[in-house]
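> Dropping the sequence and predicted coords here.
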Amino acid sequence: MMMIDKISGVSPINNIQGTKRTNSSAPVSSAVDEISVSDEAKALSDSYYLKQVAAETPDVRTDLIEQIKQKIQDPNYLSPATIAATADRIMSAYGL
């Protein structure tokens, strides 16, 4: 029969015997961690986020283009009122 008296060359009994226990209950103070972020870093973070969103957003909204193509196929859709409303929206988009 084989006996194991040490684990990895260190006796766990010696580790326990070498520690001393204190009965005092001294208050433990914990420091509060705090960081501050500069306005420049916040602006860079915002621009990085917006750059990611822009990269992930397709340049052309194919779903909207398909809807418009279907509407144009309808002969009742292209009325003078629809054309005028579209022209007004285009002009307002350019601030005119």
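Yep, it's here. Numbering: from 1, shown residues only.
> use CA for all of it now, contacts and neighbours both
Fine.
> State the next helix or strand along the chain beyond the worst-scoring helix or strand of the chain on mean pLDDT.
Sorting the helices and strands of the chain by mean pLDDT, DSSP states H and E puts helix 12-17 at the bottom, at a mean of 57. Next helix or strand after helix 12-17 toward the C-terminus (DSSP states H and E): helix 39-56.
> Now do that next one: which elements does it pack against?
Packed against helix 39-56 by the contact rule (3 or more C-alpha pairs under 8 Å, 6 or more residues apart in numbering; DSSP states H and E) you find no helix or strand.
> Using CSV, list the CA coordinates for that helix.
Taking C-alpha atoms only, helix 39-56 is exported to CSV below (Å, rounded to 0.1, in the frame of the first residue of the first chain):
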residue,chain,number,x,y,z
ASP,A,39,-15.0,65.3,-23.3
GLU,A,40,-12.6,64.5,-26.1
ALA,A,41,-12.7,60.8,-25.3
LYS,A,42,-16.5,60.9,-25.2
ALA,A,43,-16.6,62.6,-28.6
LEU,A,44,-14.2,60.0,-30.0
SER,A,45,-16.3,57.2,-28.6
ASP,A,46,-19.5,58.7,-30.1
SER,A,47,-17.8,59.1,-33.5
TYR,A,48,-16.5,55.6,-33.4
TYR,A,49,-20.0,54.3,-32.7
LEU,A,50,-21.6,56.4,-35.4
LYS,A,51,-18.9,55.2,-37.8
GLN,A,52,-19.7,51.6,-37.0
VAL,A,53,-23.5,52.2,-37.5
ALA,A,54,-22.8,53.9,-40.8
ALA,A,55,-20.6,51.0,-42.0
GLU,A,56,-23.3,48.5,-41.1
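> Off-centre distance for it?
11 Å (C-alpha atoms, centre = their mean, to the nearest Å).
> if I look at Asp33, how far off is Gln70?
Distance, Asp33 to Gln70, by C-alpha to C-alpha, to the nearest Å: 59 Å.
> ok, the two, which is more surrounded?
Neighbour count, other C-alpha atoms under 10 Å: between Asp33 and Gln70, Gln70 has more, with 10 against 5.
> secondary structure element for that one?
Using DSSP H and E, Gln70 falls in helix 62-73.
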